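*Asks:* Just the structure for this:
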Amino acid sequence: MTTTYGFGFGDLARPRSRDARIARIDALATLLDTALVFPGTGVRFGLDALIGLFPVVGDIITTALSLFIVREAYQLGAPGHVIARMLGNVALDGFFGAVPLVGDAFDVLWRANRRNVVLLLAAVVMAITIVGLPWARAAFSIAAYTLLPFGYKAVPRDEYFGREDVGTGPLGIIGNIVWLIFAGWWLALGHLVTAILLAMTIVGIPFAWAHLKLAGLALWPIGKAIVPVQVAPRR
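*Replies:* Residues are numbered from 1 along each chain as shown. All right, here's what the predicted structure looks like:
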């Protein structure tokens, strides 16, 4: 039996519909991360780990393919905070993947490409559903904080502007609970894991702290404003 992943390298430049492009990068992510299985274990891996066995050249090839997925997500209209997280996943994969053998084990466990496709699919669903509109402002807040995490702070809007609005009242609490259940916890977990990995590199500690702040915002974003630290309300 021949398994078909729906992806051919000759198709990279061929114009496609939105659904077809999503299916294409989903197939590529599967090929790179989970297409194969270690016999008798159920542990899945892909070409990313195999190609990564070749130092330098293999890492360049797999990183280029991962960045192609991010590029497609950008062209499909994924919001800024999603693109930033996708780039972070690729950066971590590339950083640890450069370590011989250890990097290949990290590729198998981290699966950056599958993570990025999940992020893209979540963004697409949020963008095309009417019920996702109330959380659009929260998504923009996270995007703004992701782009400018240093020197800025997430604060309650009612404390900063001196007045309440829909997002800071009871409806905002309900919205945050829904967000927490369906999106917040895994966004926060992703930032927490990224922070731990960055902190382990020592030089990445400042970025680890930024991801910890993003984890807090990802859990409860509705009713928050992103403002410079100098003008943030003091508690």
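
*Asks:* what comes up buried for stretch 86-104?
*Replies:* Neighbour-count burial for stretch 86-104, counted by 16 or more other Cβ atoms under 10 Å, picks out 86-98, 103-104. C-beta coordinates here come from the backbone N, C-alpha and C atoms, glycine included.

*Asks:* Enumerate every residue touching the most centrally placed residue in the chain.
*Replies:* When Cα atoms, centre = their mean is applied to the chain, the residue found nearest the centroid is R85 (3.3 Å). Listed by Cβ atoms under 8 Å, 6 or more residues apart in numbering, the contact set of R85 reads L119, T146, G190.

*Asks:* is it true that R163 lies in a helix?
*Replies:* No. Per DSSP: H, G, I helix; E, B strand; the rest coil, R163 lies outside any helix segment and is coil.

*Asks:* That one - how many residues pack around it?
*Replies:* Look at R163: counted by other Cβ atoms under 10 Å, it has 8 neighbours.

*Asks:* Any quick PyMOL command for the buried ones out of the contacts of R85?
*Replies:* Buried subset of the contacts of R85, written as a PyMOL selection, criterion 16+ other Cβ under 10 Å:
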select buried, resi 119+146+190
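
*Asks:* which one of the contacts of R85 sits closest to P221?
*Replies:* T146 (11.5 Å; Cβ to Cβ).

*Asks:* Report pLDDT for the closest one.
*Replies:* Predicted confidence (pLDDT) for T146: 72.
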